[in-house]
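Asker: I would like to see how this sequence folds:
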Amino acid sequence: MRLKLKDNSGVHEFDVNRKGDLLSLKCDDQSLDLIINEQPNAGYIIKQDEKIIRCHAVRVKDDIFVHIAGKTWNFKDVTHDDVTAGSTDGGDDNRVVAPMPGSVIKLLVKEGDEVKRDQPIVIVEAMKMENEVRAMMNGVVDKVHVEAGQQVGFGEIMIELAPLGETGEGKATE
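Answerer: Below is the predicted model:
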């Protein structure tokens, strides 16, 4: 998955791949392989080689706050800022991902449903708060990867959308 995060120094693009507790990050010419263990209250224990780092991360809509060793960073997720209603560039913009670790408490759509940009499509509970996750484009629900009651991790793909008239491998619907 490709993320674009903005901070005071500009926009940074990350390639993020997560499989279980293993997280691979690539930014510019640097890459990191980390082991992430989620803790209660938005806490994480990050292991890189022999280093262990404790941190907290919270996402509120497009704002991400990361607190490590007494310092706090604020990032704005601008990944989907370039997406216009009803279009996708064929990248990851059609993927609806978990904004934070939590539990899927309600799916508001099913495969084949037509959705509008900013329409609530799934509700994720995290830290005893319900968070509406919305469609980032007009389209059709192509694939649902989660079900109610399922635990999801940050950035996990929950739903894939397709532009109107396309499903699966980009085939037109009748």
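Asker: Tell me who's in contact with the nearest residue to Ile45 once chain neighbours are set aside.
Answerer: Spatially, and ignoring its direct neighbours in sequence, Ile45 is nearest to Asn37 (4.4 Å; Cβ to Cβ, 6 or more residues apart in numbering). All C-beta spots, glycine's among them, are computed from the backbone N, C-alpha and C. Listed by Cβ atoms under 8 Å, 6 or more residues apart in numbering, the contact set of Asn37 reads 21, 44-47.
Asker: List the ones among those that fall in strands.
Answerer: Of those, the ones assigned to strands by DSSP state E are 44-47.
Asker: From the residues you listed, list just the buried residues.
Answerer: Taking 16 or more other Cβ atoms under 10 Å as the criterion, what is buried in those is 44, 46.
Asker: out of the ones in strands among the contacts of Asn37, who's nearest Gln151?
Answerer: Nearest to Gln151 out of the ones in strands among the contacts of Asn37 is Tyr44 (Cβ to Cβ; 15.0 Å).
Asker: Please name the nearest non-neighbouring residue to that closest one.
Answerer: Closest residue in space to Tyr44, ignoring its immediate chain neighbours: Cys55 at 5.3 Å, by Cβ to Cβ, 6+ apart.
Asker: got it, and Val11?
Answerer: By the measure of Cβ to Cβ, 6+ apart, the closest residue to Val11 outside its immediate chain neighbours is Lys4, 5.6 Å from it.
Asker: hang on, isn't that neighbour packed against Lys76?
Answerer: No - taking contacts as Cβ atoms under 8 Å, Lys4 lies outside contact range of Lys76: 9.2 Å.
Asker: Can you pull out the low-pLDDT segments for this structure?
Answerer: Counting by pLDDT under 70, the chain shows low-confidence ranges at 82-93, 165-174.
Asker: Mind doing that once more with 50?
Answerer: For the chain, the stretches with pLDDT under 50 are 83-92, 169-174.
Asker: Let me see the domain layout of it.
Answerer: Domain assignment for the chain by automatic domain parsing gives 2-77, 92-166.
Asker: you'd agree Ala135 is up against Val115?
Answerer: Yes - counting by Cβ under 8 Å, Ala135 does reach Val115; the two are 4.3 Å apart.
Asker: Can you check which residues contact both of those two?
Answerer: Counting by Cβ under 8 Å, 6+ apart, the residues touching both Ala135 and Val115 are 121, 161.
Asker: helices and strands around the helix or strand hosting Lys26, which ones?
Answerer: Here Lys26 sits within strand 22-27, counting by DSSP states H and E. Applying 3 or more Cβ pairs under 8 Å, 6 or more residues apart in numbering; DSSP states H and E, one finds that strand 22-27 contacts strand 10-19, strand 30-39.
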